[in-house]
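>>> Make a model of this:
(2 chains)
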Amino acid sequence: DAMVIQNPRYQVTQFGKPVTLSCSQTLNHNVMYWYQQKSSQAPKLLFHYYDKDFNNEADTPDNFQSRRPNTSFCFLDIRSPGLGDAAMYLCATSSYDGYTFGSGTRLTVV
Amino acid sequence: GENVEQHPSTLSVQEGDSAVIKCTYSDSASNYFPWYKQELGKGPQLIIDIRSNVGEKKDQRIAVTLNKTAKHFSLHITETQPEDSAVYFCAAAETGYSSASKIIFGSGTRLSIRP
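Numbering: from 1, shown residues only, chains lettered A, B, ... in the order given. A predicted model of the protein is given here:
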């Protein structure tokens, strides 16, 4: 089945230690998104790619970076995770027909 | 930019009764309105969506209505079952073939079904 896959499902990282979350898709959608979701809050858009064009939300901290080496893969890099960055990180793709979300990666910062 | 408001924040209904969740949006350019169900520890799952050229859509026990003039849309779940317990998010987006749309979520409704 075509889908959006996020790895790992759970990630524990140390305070200040860089961490990378990954997302892959088999839908061949040209748009990919990263959202941050904290405990029962609405997902908050961090940035998105339209093909290779990167679009950062104005309030996304500089600590968050992203890479999209090809259509299928997108990575979220957190350069120096703080305790406040503990959250569920959701990857999504979209086409005109709608959005598809991955299952998310829950990040814990210790 | 778009702003989506969602009410109520929590909703408890007796099993078998109906549940209604309401949302309003601000950007008249929005043309796509999905509803997501999110269970604990999982990503949002699309349960139903509606586009601005349609006033109502139904899928078994779930229905969504859209009033473009008033800029509000609602989710209706009939004959509720325990497995309907979850957090529900409404959302709005302006979709197009040649641009990326940004989906804006409402604040969520925690629905609890009482046995």
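>>> The spatially most central residue of chain A: helix or strand, and which one exactly?
Central residue of chain A (CA atoms, centre = their mean): A:Trp34, 3.4 Å from the mean position. Assigned by DSSP states H and E, A:Trp34 belongs to strand A:31-37.
>>> tally of neighbours for B:Pro82?
Using other CB atoms under 10 Å in any protein chain shown, B:Pro82 has 10 other residues around it. Any C-beta I mention is one placed from the backbone N, CA and C, and that applies to glycine too.
>>> Same check on B:Glu94?
17.
>>> isn't it right up against B:Ser28?
No: B:Glu94 lies out of contact with B:Ser28 (CB atoms under 8 Å); the separation is 9.6 Å.
>>> that older thread, direction included, what does the helix or strand just after the strand holding A:Trp34 pair up with?
The first helix or strand that comes after strand A:31-37 along the chain, using DSSP H and E, is strand A:44-50. According to DSSP bridges, strand A:44-50 has the following sheet partners: strand A:31-37 (antiparallel), strand A:53-56 (antiparallel).
>>> Pull out the buried positions in the longest strand along chain A.
Of all the segments of type strand in chain A, defined by DSSP state E, the longest one is strand A:87-95. Residues A:Ala87, A:Met88, A:Tyr89, A:Leu90, A:Cys91, A:Ala92, A:Thr93, A:Ser94 are the ones in strand A:87-95 that count as buried (16 or more other CB atoms under 10 Å in any protein chain shown).
>>> okay, B:Ser52: pLDDT?
In this model, B:Ser52 is scored at 86, pLDDT.
>>> who in chain A is up against chain B?
A:6, A:31, A:33, A:40-43, A:45, A:48-50, A:55, A:88, A:90, A:92, A:94, A:96, A:98-104, A:106 (CB under 8 Å from any CB of the partner chain).
>>> Weed out the non-buried ones from these.
Buried, going by 16+ other CB under 10 Å: A:6, A:31, A:33, A:42-43, A:45, A:48-50, A:88, A:90, A:92, A:94, A:98-104, A:106, out of the residues of chain A next to chain B.
>>> Does anything pack onto the worst-scoring helix or strand of chain A on mean pLDDT? Which helices or strands?
Using mean pLDDT, DSSP states H and E, the weakest-scoring helix or strand in chain A turns out to be strand A:98-101, at a mean of 85. Here strand A:98-101 touches strand A:87-95, strand B:32-38, strand B:45-51, going by 3 or more CB pairs under 8 Å, 6 or more residues apart in numbering or on different chains; DSSP states H and E.
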